[in-house]
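J.: requesting a structural model of the entry that follows:
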Amino acid sequence: MGFKDYLQDDFSVTYSTVKCADTTLKTQKAPGRELTDSSFCIYENFSCKNRECANSSDTLFACYYLFGFFFYVEGTVKPAVSFMPNWRKIFVYESMTLACNVDPRVQGIRRFYWYKDNVRLNQRNQSFTIHSALQEDGGSYQCKADKGAKSDPAKLKVLGGWLILQVPQLIYEGDSFTLKCHSYPGYEVKTTVFLLHEKPLNSSGDELPVGKVNLTTADQYKCKKEIFHHNGYRVHTDMELVVVTELYSSPEITVTPYPARAGGNITVTCHVNRSPLRPDTKLEIAFYRNDRKVQGFGSSDKYQISAARPGDSGDYSCEAKATANNVRKMSRKINIQIQGELY
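T.: As a prediction, the model looks like this:
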């Protein structure tokens with residue numbers, strides 16, 4: 001049976017019969033997950049039914065919701081490029097180290113590939129350093145591991161001039177961070193002023209601490225500094241837009257087995273995908289039935305229903321909470337109907 005044929009089926013067959021198919025899945029991807037090719041595999045109870053999938057060390061679960069039914073489809077979590085020092089902009093002749101960060105669950109990586117402005121570089125290590133950078137070293141960098149997905153572009157600017165406002169390359173929801181008003185080394189400077197939406201901020205020195213941000217944050221910062229050159233102090237300015245990145249994906253809730261039958265044991269699972277740059281983000285999970293909490297926040301991503309009864313039917317959802325900064329996200333609801341009767 002082809003995958004397209006299966007999507008048109010009334011789901012009377014069990015999904016364990018579905019194999020990989022050379023077709024493109026026409027549905028919305030789950031947040032934070034990416035499909036990398038046109039070969040898809042259905043998973044049953046987290047066990048791959050296809051030898052090629054089972055031997056692929058860089059595949060992880062991606063979750064799809066089709067016609068009220070959840071499937072697991074082979075996919076990979078994108079790696080992410082990080083900078084050290086963690087700035088989007090540097091001056092010429094400064095150095096920058098780039099690293100390719102992959103999900104720690106991905107095993108067996110043998111080599112990495114690097115790209116600048118979509119051109120492959122002669123780099124095979126997980127990280128490399130640009131020493132004494134030139135302006136032509138600026139650009140959009142991407143990486144990938146073996147057969148995995150290519151990362152999103154990470155843009156590095158290498159600039160001449162007198163002043164740059166340095167902003168961290170990635171700022172995650174719930175983060176506090178620091179901006180730096182960085183002048184070209186070796187020149188005498190005077191007063192530094194930071195502005196937010198053109199309004200001066202209370203600050204001292206070249207750095208400005210910024211409190212916790214969320215995904216709706218999109219703030220325009222500017223800094224001004226007097227720098228002595230060409231026989232006098234001259235005012236220079238630079239500005240940057242602060243954009244916030246998702247710390248972890250919105251939860252997706254699934255149920256096994258399906259359909260759920262009276263008297264059986266049912267497992268409700270809350271799936272969350274962490275950023276590859278924050279793989280150690282500690283999350284707590286809570287579960288709800290009909291908007292009432294049935295399992296409080298804890299480390300388990302599963303809620304067990306033993307000897308299910310019709311009264312256990314309802315709309316189930318889960319909520320994830322980051323323990324460090326209290327960033328919370330709620331899943332969509334899934335309706336579970338316990339079929340059959342207890343005797």
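J.: from now on I want contacts and neighbour counts done on CA atoms only, so please keep to that.
T.: Will do.
J.: buried ones in the strand with the most length in the chain, by neighbour count?
T.: In the chain, with assignment by DSSP state E, the single longest strand is strand 232-245. With burial defined by 16 or more other C-alpha atoms under 10 Å, the residues of strand 232-245 counted as buried are 236-240, 242-245.
J.: could you list the paired strands of it along with their orientation?
T.: strand 171-172 (parallel), strand 218-229 (antiparallel) (DSSP bridges).
J.: turn the ones you listed into CSV, including distance to residue 316.
T.: Formatted as CSV, these follow (distance: least, C-alpha to C-alpha, whole Å):
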stretch, distance to residue 316
strand 171-172, 28
strand 218-229, 33
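J.: now render the ones you listed as a markdown table, adding mean pLDDT, mean neighbour count and distance to residue 97.
T.: Listed next are these as a markdown table, based on pLDDT from 0 to 100; neighbours: other C-alpha atoms under 10 Å; distance: least, C-alpha to C-alpha, whole Å:
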| stretch | mean pLDDT | mean neighbour count | distance to residue 97 |
| --- | --- | --- | --- |
| strand 171-172 | 93 | 20 | 18 |
| strand 218-229 | 93 | 19 | 25 |
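J.: related to what we said a few turns ago, please save the CA atoms from the longest strand of the chain in CSV.
T.: Extracted as CSV, the C-alpha positions of strand 232-245 are listed here (Å, rounded to 0.1, in the frame of the first residue of the first chain):
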residue,chain,number,x,y,z
GLY,A,232,38.8,65.2,18.2
TYR,A,233,35.9,63.3,19.8
ARG,A,234,33.3,62.2,17.4
VAL,A,235,29.9,60.6,18.1
HIS,A,236,29.3,57.2,16.5
THR,A,237,26.1,55.1,16.7
ASP,A,238,25.0,51.6,15.8
MET,A,239,21.7,49.7,16.2
GLU,A,240,20.4,46.2,16.3
LEU,A,241,17.0,44.4,16.5
VAL,A,242,16.6,41.9,19.3
VAL,A,243,14.7,38.8,18.1
VAL,A,244,13.9,35.9,20.4
THR,A,245,14.2,32.2,19.5
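J.: wait, residue 241 sits on residue 219?
T.: Yes. Between residue 241 and residue 219 there is a contact under C-alpha atoms under 8 Å: 5.7 Å.
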